[in-house]
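# I'll drop the sequence and a predicted model, then ask my questions.
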Amino acid sequence: MKVVQTADAFRAELSTAERPVGLVPTMGALHAGHMALLHRARSANATLAATIFVNPAQFGPQEDFLAYPRDTEADLSQMESAGVDVVFTPALEEVYPRGFDTYVDVGRIATRLEGEFRPGHFRGVATVVSKLLAIARPDRAYFGQKDAQQCLVVKQLNAELNLGAEIVVVPTVREDDGLAVSSRNVYLSPDERKAALVLHRSLSLARRLLEEGGSNAEEIRRQMRTLIDEKPLARIDYVSIADTTTLDELDQITGSALVSLAVRIGNVRLIDNITLGD
Ligand code: AMP
């Protein structure tokens, strides 16, 4: 496994690598979710490239950029065990040199849900992903369904900026009790960890209500909110049942729907989602 720090070296490695090239961008602190992306990419590509970069541009001023868990040594050994060929671990100044002033703004879909509660977040995501796709020029790039809106944002910028990758979305990896695996789960106290189950439970409730014939989206959102509000540690940012491509909120569920939510458990903000009716 080669580890490179500069964009030029990463591009040079991949320009002569055997194709297809698969790319897995991460912010490190690797867990089973990242490993699922790496394994999926490993099995489908001749060359597997990955990146570790905690991207300051996607964190708000009050968010956890400085506290975000970092353990590059452990991440590199996990990447090696997953069969990664090349890892890009740039320093901050390599990605954002002094005077950097070019950003990618994805439109309408980036203003919804996470975009509303984390202003500037998707501008940061879209900018760094555009740069990584432009440097690596992969045949395929892998993203987790856990960040469903991010997948839509990435698909749109990849198509509209003609970056030419196939964007592959990998299903959400969960703990045995249903909690979606996340780098931020390490912040949860034992009580918060228990309360955090309410995200998955409310998504399961939505699935059950739809299966029982309920198609009124507002009624399902209401029952989800009621379930979450029963947990004193939980504070809802949003509960959404939206069109899977436009993210417009639905009145009735007639075809497929993205059920997503963001909930603060204590000081830890968690997101999760499921797709219904597909
Ligand atoms: P991050 O390091 O948090 O930026 O995540 C890197 C990639 O891993 C993103 O594409 C995430 O959507 C994906 N990911 C994070 N958690 C999970 C999970 N539980 N299951 C599947 N993919 C995930």
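All right, it came through fine.
# could you use CA atoms for every contact and neighbour count after this?
Fine.
# near the ligand, which residues of this protein?
25-28, 33-34, 143-147, 171-174, 180-182 (CA under 6 Å from any ligand atom).
# return the members of those classed as buried.
Taking 16 or more other CA atoms under 10 Å as the criterion, what is buried in those is 25-28, 33-34, 143-147, 172-173, 180-182.
# out of the residues of the chain next to the ligand, which sit inside strands?
Using DSSP state E, 25-26, 143-144 are the members of the residues of the chain next to the ligand that sit in strands.
# go ahead and confirm Asp105 touches Val125.
No - Asp105 lies out of contact with Val125 (CA atoms under 8 Å); the separation is 9.4 Å.
# more neighbours: which of those two?
For the pair Asp105 and Val125, the greater number of neighbours falls to Val125 (23 against 17), based on other CA atoms under 10 Å.
# could I get the ones in strands among the residues of the chain next to the ligand as CSV with pLDDT?
Below are those laid out as CSV (pLDDT from 0 to 100):
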residue, pLDDT
Pro25, 99
Thr26, 98
Phe143, 99
Gly144, 98
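# ok, which stretches of this structure are strands?
2-4, 21-26, 47-52, 86-88, 140-144, 166-170, 234-242, 257-265, 268-276.
# can you redo those strands as JSON lines with distance to Arg222?
Output for those, formatted as JSON lines (distance: least, CA to CA, whole Å):
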{"stretch": "strand 2-4", "distance to Arg222": "49"}
{"stretch": "strand 21-26", "distance to Arg222": "34"}
{"stretch": "strand 47-52", "distance to Arg222": "39"}
{"stretch": "strand 86-88", "distance to Arg222": "44"}
{"stretch": "strand 140-144", "distance to Arg222": "27"}
{"stretch": "strand 166-170", "distance to Arg222": "29"}
{"stretch": "strand 234-242", "distance to Arg222": "9"}
{"stretch": "strand 257-265", "distance to Arg222": "13"}
{"stretch": "strand 268-276", "distance to Arg222": "16"}
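# out of the ones you listed, nearest to Pro190?
strand 257-265 (11.4 Å; CA to CA).
# and that closest one, what does it pack against?
helix 197-211, strand 234-242, strand 268-276 (3 or more CA pairs under 8 Å, 6 or more residues apart in numbering; DSSP states H and E).
# what's the angle from the second one to strand 268-276?
Right, strand 234-242. Counting by axes from the mean of the first three to the mean of the last three CA atoms, to 10 degrees, strand 234-242 lies at 30 degrees to strand 268-276.
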